[in-house]
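Undergrad: output the structure for:
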Amino acid sequence: MSPEVEGALRLLLSAVLGAAIGVQRELAHKPAGLRTHILICLGSALFTVVSVLGFSGMVDPSRVAAGVVTGIGFIGAGVIMRGARGDRVVGITTAASVWITAAIGIAAGVGLYIIAVAVTVVAVLVLFIPRVKG
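TA: Residues are numbered from 1 along each chain as shown. Prediction:
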């Protein structure tokens, strides 16, 4: 299989895995839903695939992963808000789902398929755990 075909398959897998998390966020009526999670996972995977396949031997691919983590931190910070009364913070779980979705994209992008799928399954299960109201 050519590197480009394998890269394309990695990107398709990342879109499917991002969609799995995004569907749960849509069902929970969260602002970062299906499209957002697909794009985050796909973008992270694309940066990774391009880094690994396009710049092989010229740059350290782990530097791209570090850049993705930094960029996602900004997006995650954007989804964390204070509640209307200012007495509680909302959006932390959504920010965490954005963060883990980017990590899944990186894993898919480097070809760690089983790890990417396993983490997606665990993340979706965790997101379905009901909130304990205290």
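
Undergrad: use CA for all of it now, contacts and neighbours both
TA: OK.

Undergrad: now for the closest residue to residue 80 other than its chain neighbours: which residues touch it?
TA: Excluding the flanking residues, the one nearest residue 80 by CA to CA, 6 or more residues apart in numbering is residue 91, at 4.4 Å. Going by CA atoms under 8 Å, 6 or more residues apart in numbering, residue 91 touches 79, 80, 81.

Undergrad: show me just the buried residues among the residues you listed.
TA: Neighbour-count burial (16 or more other CA atoms under 10 Å) applied to the contacts of residue 91 gives 79, 80.

Undergrad: which of the contacts of residue 91 fall in helices?
TA: Among those, DSSP state H puts residue 79 in helices.

Undergrad: next, format the contacts of residue 91 as CSV and append pLDDT and distance to residue 52.
TA: Shown next, in CSV, are those (pLDDT from 0 to 100; distance: CA to CA, whole Å):
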residue, pLDDT, distance to residue 52
79, 80, 30
80, 80, 32
81, 70, 36
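
Undergrad: just the contacts of residue 91 now: which is nearest residue 117?
TA: Minimum distance to residue 117 across these is 24.9 Å, recorded for residue 79 (CA to CA).

Undergrad: name the nearest residue to the residue nearest to the spatial centre of the chain, ignoring sequence neighbours.
TA: Closest to where the C-alpha atoms of the chain average out (CA atoms, centre = their mean) is residue 101, at 1.6 Å. Leaving aside its sequence neighbours, residue 101 sits nearest to residue 41 (CA to CA, 6+ apart; 5.4 Å).

Undergrad: for residue 107, same thing?
TA: Sequence neighbours aside, residue 116 is the residue nearest to residue 107 in space, at 5.5 Å (criterion: CA to CA, 6+ apart).

Undergrad: for this protein, what helix or strand is lowest in average pLDDT?
TA: When each helix and strand of the chain is scored by mean pLDDT, DSSP states H and E, strand 81-82 comes last, with a mean of 64.

Undergrad: who are the packing partners of the longest helix belonging to the chain?
TA: Using DSSP H to define each element, the chain has its longest helix at helix 3-27. The elements that helix 3-27 packs onto, with contact taken as 3 or more CA pairs under 8 Å, 6 or more residues apart in numbering; DSSP states H and E, are helix 34-49, helix 92-109, helix 113-127.
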